[in-house]
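A.B. asks: give me a model of this one.
(6 chains)
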Protein chains: 6
Amino acid sequence: MLLHMSTWSEIEQYLKRCRSIVIPIGSNEQHGPIGLLGTDWMCPEIIAHHAQKTADILVGPTFNIGMAQHHIGFAGTITLRPSTFIAAIGDWVRSLAAHGFEKIFFLNGHGGNIASIEAAFSELYAEASFARRPAGFALKLCNWWDLEGVAALANKQFPTGHGVHATPSEIAVTQWAYPEAIKTADYSPKIANSGPIREAHDFRLRFPDGRMGSDPAQATPEKGGELVMLAAQSLVRELDLFTCESAPA
Amino acid sequence: MLLHMSTWSEIEQYLKRCRSIVIPIGSNEQHGPIGLLGTDWMCPEIIAHHAQKTADILVGPTFNIGMAQHHIGFAGTITLRPSTFIAAIGDWVRSLAAHGFEKIFFLNGHGGNIASIEAAFSELYAEASFARRPAGFALKLCNWWDLEGVAALANKQFPTGHGVHATPSEIAVTQWAYPEAIKTADYSPKIANSGPIREAHDFRLRFPDGRMGSDPAQATPEKGGELVMLAAQSLVRELDLFTCESAPA
Amino acid sequence: MLLHMSTWSEIEQYLKRCRSIVIPIGSNEQHGPIGLLGTDWMCPEIIAHHAQKTADILVGPTFNIGMAQHHIGFAGTITLRPSTFIAAIGDWVRSLAAHGFEKIFFLNGHGGNIASIEAAFSELYAEASFARRPAGFALKLCNWWDLEGVAALANKQFPTGHGVHATPSEIAVTQWAYPEAIKTADYSPKIANSGPIREAHDFRLRFPDGRMGSDPAQATPEKGGELVMLAAQSLVRELDLFTCESAPA
Amino acid sequence: MLLHMSTWSEIEQYLKRCRSIVIPIGSNEQHGPIGLLGTDWMCPEIIAHHAQKTADILVGPTFNIGMAQHHIGFAGTITLRPSTFIAAIGDWVRSLAAHGFEKIFFLNGHGGNIASIEAAFSELYAEASFARRPAGFALKLCNWWDLEGVAALANKQFPTGHGVHATPSEIAVTQWAYPEAIKTADYSPKIANSGPIREAHDFRLRFPDGRMGSDPAQATPEKGGELVMLAAQSLVRELDLFTCESAPA
Amino acid sequence: MLLHMSTWSEIEQYLKRCRSIVIPIGSNEQHGPIGLLGTDWMCPEIIAHHAQKTADILVGPTFNIGMAQHHIGFAGTITLRPSTFIAAIGDWVRSLAAHGFEKIFFLNGHGGNIASIEAAFSELYAEASFARRPAGFALKLCNWWDLEGVAALANKQFPTGHGVHATPSEIAVTQWAYPEAIKTADYSPKIANSGPIREAHDFRLRFPDGRMGSDPAQATPEKGGELVMLAAQSLVRELDLFTCESAPA
Amino acid sequence: MLLHMSTWSEIEQYLKRCRSIVIPIGSNEQHGPIGLLGTDWMCPEIIAHHAQKTADILVGPTFNIGMAQHHIGFAGTITLRPSTFIAAIGDWVRSLAAHGFEKIFFLNGHGGNIASIEAAFSELYAEASFARRPAGFALKLCNWWDLEGVAALANKQFPTGHGVHATPSEIAVTQWAYPEAIKTADYSPKIANSGPIREAHDFRLRFPDGRMGSDPAQATPEKGGELVMLAAQSLVRELDLFTCESAPA
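C.D. replies: Predicted coordinates for the structure are as follows:
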């Protein structure tokens, strides 16, 4: 069930049977020579949308712009500063909590988001902590590649050149969902180099075509489909555990 | 051309021929008994995505959560506070300006966004104004119903009961794009009442099913299709005028 | 009754009979060759102060600096950024609400303020909306030129060359109140040109003497007096309607 | 010369001969049984407006709402939080500095403002300090009662019961300027008690009628006139010293 | 008793017998040719740590970075902007208040901190004031040199050349506590000059070696020891008065 | 070399030979039945101070309050919200960068700080990224338990019951440095349970005595000394690598 494809009274009904929601969250940023700028928000959206076709779970709109300041040196990247990102996640959660959602599950598609999302959670929890009252909601961050079995499958599919940015696995997921948008390009070296992440100027010098440690041409729609199927199943299970988790007494 | 369906080098190429971009911007909020929660961000997205199929324009990701604090009394609404919204628009614009975009066109789908978007523009311009330098970019806000000819068509399609929220025209647009998600419901009175907009508690008392002045059951996918075709054409023309506008000497 | 000319116990007494207050709000910014920098905060102050001589209404201190970033290219303009303006309006309202004021009427003198004031209202309402409680107060923004009959009178007085900034009507109002400060200057063209509003650098290039579409030399103190009399009467009626409006049940 | 009573080109001319400006700054807050709510912004305004009649100095609009959180327990008080106040002073100064003002003199009427105004100055200076560049402007805070000779005169006029809030000297100044608004009331004890300043709830318990250490009924318009004459002269001299002060080499 | 050298259950016990705490607060900034960069946070720490050896008082961790923007022109200075400082003090107090501390005593070592600390107090109190409720805690700022008897002793020890920054008294205190870190250097003039404090660039031009009005070579560990003994005794008394002060009824 | 034990000219000299600095950063929060509240800021301070005795490195003042909102349910915990923490780290870095420090190494002692510190780094880098210029500095976060060899040693010392909060290794470090403050207490179960971290209310219910997965009574000063020696050596090497790292060309 997609929240944005529902009426408010359908959501009101849903809340009578379940207090959980999945929010796909990612980033819009360069993904190397053949990756789409939307890769990181499309991947969790694709997986979550697929999952809700097979189970009675609720998926909200996609939070599509995240923390990607280091990619600004490449055209098309859009980023929020961490402080803006934290404020925006805060308002999403305050909105959902006002309706009675008690378990809010962020399915994340961008490693660079992790620190800011966790900081946003703490910012929200701190309101309750300073006031010495329960928060009334629990927040969970889960990267789609950390869903059970997904990393093992990606490792099997791409034993070398997976890397950490513009990876063949994430590109495969988008190829499966949007085969009309498959891109090709020459690049070298075959496997991109690695290094630290700092500001955009430094990043572009270190990683001239945007890849970090990856050889993305290994991606195929078929492999993407396998990843999506597996991730969607794991998401449903993971969400179920989160939903059923009871508060400490 | 969709930014998120492109690689960074495709956007780099695009920038050599044009410095304009369209950002669909809306809200995720209750839309009465039969309207979808995503109506206000889907409408500009639908129109802009349609337009880019017929002309060489660039459309960015959709800014899908806006200023809808007054709708929080209805399940499923997600809102940013104006201060958060202003900060987020600021970072989107700073990102796009860093790439060299000079004309940034926000195609808006939610009346409640207007004040905050304009305030966000002024917040951005003020940085340049205090520093007594040119901003380097021009920002434009255009509601899709204000595109040339659209209001006249909607008026012809729905001479009574159009209203201002959960209108038959916006619902028709989503019905055309997502016919599988057409909803029906009984409601009364046929035409909802009107009144001022304040906080969510007051809003729900005044507008118990969420409509403001509208009779949305008049919507049909066909009427929606007519609106989309016309709006898309007008958008292309409007964007072209904005692109060609020269700076004052 | 002027709040700042009263003691706190006089205001405490007033609150027993009425919970409404008028706040004149404007801007301090260039007003072309003959307009005073204070025009936009003086006009609502002049009208509101006149109105309180004829009716038992309460007028607060004037909020004299607004959102005028685009005028910073002209000496003497003082502006708040929208974010600062929103914060300041917020604290004014929180202060007044703490005393029990339930209807707070902002009589505005500057078009450039509108978006930020409305955003400020939403920012305030959002606190209540997120908490799912009534706000306890209602806020109203009314431009003095939108008071009943005023635009028609201005149109009759100045059928051509009224324009939108440094207009003969606003200058006439200040001439009536401060005849000792009437200025004269040569300018051309007789009617200034129009165009979009962006940052200050762009603004000064488009509007070299500060006027937008106006021919302000048509102003006279007599016409100003007519406008003040009419606006003051309309203000009293408008405020009375706002005061008497009952909350939805 | 009053900035708001001038045109922008008059200010442009002024800036060719002098780069200094006086900003009256105060607060709108309870002033005991007979003091006006506007006392603290009226006093510096009265003095500065008087001074500019006798010397070629420029006086800006009055910053009329300051930091008075402790007075919120009394009807009619309006306060900014320190963070808002600092932001607003920042934008005033950025505006004035953009025009080339180099010496900005805040004539203050409220003790509770001092900490926030000084913090605002440091906030502004810090921008330059972090960037290791000159600020381009100097800021000065001066309380009107600290102008040369004023405290001595007030002490002679009111040897007992002057106190620190709702003092006879400040009330005398407003009585001189607004004799039509002189208030009377019984109060006891004759001289109010003293104590620390904390939040509004604590303040009202300590100071039930709002006075701190004062016996304001000693005020007369004549004494107020003496204070204004002396303060205005001292202000002109003080401003001249500030204007003539040269930067360190 | 040092909070950071205790377990949480020891603090829980302490709170059953007393609701007061001392927070040493200072700055890390240049202190002239022979003063340590940590002087201003070490002095209150040294005094408070000494005091807690002789009386049952609780001393928290030291707040070691304050408002020193004007010293940034000298290597090693670290500063918070006032807005950051206010936010941080706010969170310290909210934390302590959440545990039930009712009297929070800031023992300050840096004059440049005073305005921001007082603004921070008002920012905290304003939350309660706008909500018309008691704050639940009282805050006190006391500079160590204002503790009873300290200024008189310093005046006796250093009748000339005490000055206001990099003073012999504060350097003597650090010499007593850290004799291994006593520095020597030639400087001239013997007594540094005075002047206003503005941004860092201006400061360094006015005060080339960092001193303001002082001749710090007069410091000796012995004099420092005398100051610490006296200040520690006065602190215990001052804190006791604050602890015993009852709320207004 | 300790920055706060140096004069500004000593730091100016240091900067001529090296542009690196270590900042110990931690948290002041409950550490179970026998751990000190200051454990998390003391550990990196102890290690860094020890390291600077053996090598020519510069260590700054300790950033002693971090992000510990979840521990507020236990007396003595002091926390910054992530937004405050980010702002404060920002000002520390801006200060150090103003002096020419190019490699700023944060030696962290608290897991709960990681997300906010990384978010703070991105917030700082984003300023440069939006402006499309180099940042001029590189930032590194390193937890002391991640220094080479440390985890292996702790694992050998405490093969069971190490846990993740109030661990025997961190308590051992403080016992070595402050043997006079060794605490003892009974607790059960021997090894505390584990679980997710949310707001303080939830945390205290899950972890009643504050421990997470640990059996801290295994700590001894001797083991702490071993950890400190090893960590200090690793820190010097790690810092040297960071210092010598050259910028990408």
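
A.B. asks: quick one, helices of chain A?
C.D. replies: For chain A, the helices defined by DSSP state H cover A:8-17, A:39-54, A:82-99, A:114-130, A:150-157, A:168-177, A:200-206, A:221-244.

A.B. asks: of all these, which lies closest to B:Ala181?
C.D. replies: helix A:8-17 (10.6 Å; CB to CB). The C-beta positions use only the backbone N, C-alpha and C, and glycine is treated the same way.

A.B. asks: how about the contacts made by the residue of chain A found nearest chain D?
C.D. replies: Going by CB to the nearest CB, chain D is nearest to A:Ser83 of chain A, at 15.2 Å. Shown in contact with A:Ser83 (CB atoms under 8 Å, 6 or more residues apart in numbering or on different chains): B:87, F:83, F:86, F:123.

A.B. asks: reformat those residues as JSON lines; add pLDDT.
C.D. replies: As requested, the contacts of A:Ser83 are exported to JSON lines (pLDDT from 0 to 100):
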{"residue": "B:Ala87", "pLDDT": "98"}
{"residue": "F:Ser83", "pLDDT": "98"}
{"residue": "F:Ile86", "pLDDT": "98"}
{"residue": "F:Glu123", "pLDDT": "98"}
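
A.B. asks: tabulate those (CSV), appending distance to E:Leu153.
C.D. replies: Output for the contacts of A:Ser83, formatted as CSV (distance: CB to CB, whole Å):
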residue, distance to E:Leu153
B:Ala87, 52
F:Ser83, 43
F:Ile86, 42
F:Glu123, 46
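
A.B. asks: can you pick the most crowded of those?
C.D. replies: Ranked by neighbour count under the definition other CB atoms under 10 Å in any protein chain shown, the contacts of A:Ser83 are headed by F:Ile86 with 28 neighbours.

A.B. asks: need the contact list for it.
C.D. replies: Applying CB under 8 Å, 6+ apart to F:Ile86 gives the contacts A:82-83, A:119, F:116, F:119-120, F:123.

A.B. asks: try it again at 7 Å.
C.D. replies: A:82-83, F:116, F:119-120, F:123 (CB atoms under 7 Å, 6 or more residues apart in numbering or on different chains).

A.B. asks: again with A:Leu141
C.D. replies: A:106, A:108, A:114, A:117-118.

A.B. asks: from the residues you listed, pick the one nearest chain E.
C.D. replies: A:Glu118 (18.1 Å).

A.B. asks: neighbours around the nearest residue to the closest one once chain neighbours are set aside, how many?
C.D. replies: Among residues not flanking A:Glu118 along the chain, F:Ala115 sits closest, at 3.7 Å (CB to CB, 6 or more residues apart in numbering or on different chains). Neighbourhood size, F:Ala115 [other CB under 10 Å]: 23.

A.B. asks: what's the per-residue pLDDT of F:Ala115 here?
C.D. replies: Here the pLDDT value assigned to F:Ala115 is 98.

A.B. asks: correct me, but it touches A:Asn113?
C.D. replies: No - using CB atoms under 7 Å, F:Ala115 is not in contact with A:Asn113, being 10.7 Å away.

A.B. asks: A:Trp144: which of the contacts of A:Leu141 is nearest?
C.D. replies: The closest of the contacts of A:Leu141, once distances to A:Trp144 are taken by CB to CB, is A:Asn108, at 7.0 Å.

A.B. asks: contacting residues for whichever residue of chain A sits closest to chain E?
C.D. replies: Going by CB to the nearest CB, chain E is nearest to A:Phe130 of chain A, at 4.8 Å. Shown in contact with A:Phe130 (CB under 7 Å, 6+ apart): E:94, E:98, F:72.

A.B. asks: what of A:Gly100?
C.D. replies: Contacts of A:Gly100 by CB under 7 Å, 6+ apart are A:15, A:19.

A.B. asks: could you report the pLDDT at it?
C.D. replies: For A:Gly100, pLDDT reads 98.

A.B. asks: how far does stretch A:234-249 sit from the chain's center?
C.D. replies: 19 Å (CA atoms, centre = their mean, to the nearest Å).

A.B. asks: rewinding a little: distance of the residue nearest to A:Glu118 from F:Ser122?
C.D. replies: Look at F:Ala115 and F:Ser122: by CB to CB, to the nearest Å, they are 11 Å apart.

A.B. asks: what of A:His70?
C.D. replies: 8 Å.

A.B. asks: next one: the nearest residue to A:Ala55 once chain neighbours are set aside from F:Asp186, what distance?
C.D. replies: Nearest in space to A:Ala55, with sequence neighbours left out and distances taken as CB to CB, 6+ apart, is A:Val236 at 4.5 Å. With the distance defined as CB to CB, A:Val236 ends up 45 Å from F:Asp186.

A.B. asks: of these two, who's got more company?
C.D. replies: Each of A:Val236 and F:Asp186 has its neighbours counted (other CB under 10 Å); A:Val236 has more, 19 against 8.

A.B. asks: how many residues are close by the residue of chain A found nearest chain C?
C.D. replies: Of the residues in chain A, the one nearest chain C is A:Arg94, at a distance of 4.8 Å by CB to the nearest CB. Residues lying near A:Arg94 (other CB under 10 Å) number 22.

A.B. asks: just A:Leu241 next, same as before
C.D. replies: 9.

A.B. asks: could you measure from it over to F:Lys223?
C.D. replies: Counting by CB to CB - A:Leu241 and F:Lys223 are separated by 37 Å.

A.B. asks: hang on, A:Ser169 packs against A:Phe158?
C.D. replies: Yes - using CB under 7 Å, A:Ser169 is in contact with A:Phe158, at 6.3 Å.

A.B. asks: between those two, which has more neighbouring residues?
C.D. replies: When neighbours are counted by other CB under 10 Å, A:Ser169 and A:Phe158 differ, and A:Ser169 comes out ahead with 27 against 20.

A.B. asks: give the contact list for the closest residue to that one other than its chain neighbours.
C.D. replies: Excluding its sequence neighbours, the residue lying closest to A:Ser169 (CB to CB, 6+ apart) is A:Ala154, at 4.1 Å. Residues near A:Ala154 by CB under 7 Å, 6+ apart: A:145, A:162, A:169, A:227.

A.B. asks: got a list of what the first one touches?
C.D. replies: A:Trp145 sits next to A:151, A:154, A:169 when contact means CB under 7 Å, 6+ apart.

A.B. asks: filter the contacts of A:Phe130 down to the ones close to chain A.
C.D. replies: E:94, E:98, F:72 (CB under 7 Å from any CB of the partner chain).

A.B. asks: how about the contacts made by the second one?
C.D. replies: Shown here is E:Ala98, whose contacts under the criterion CB under 7 Å, 6+ apart are A:130, A:132, F:72.
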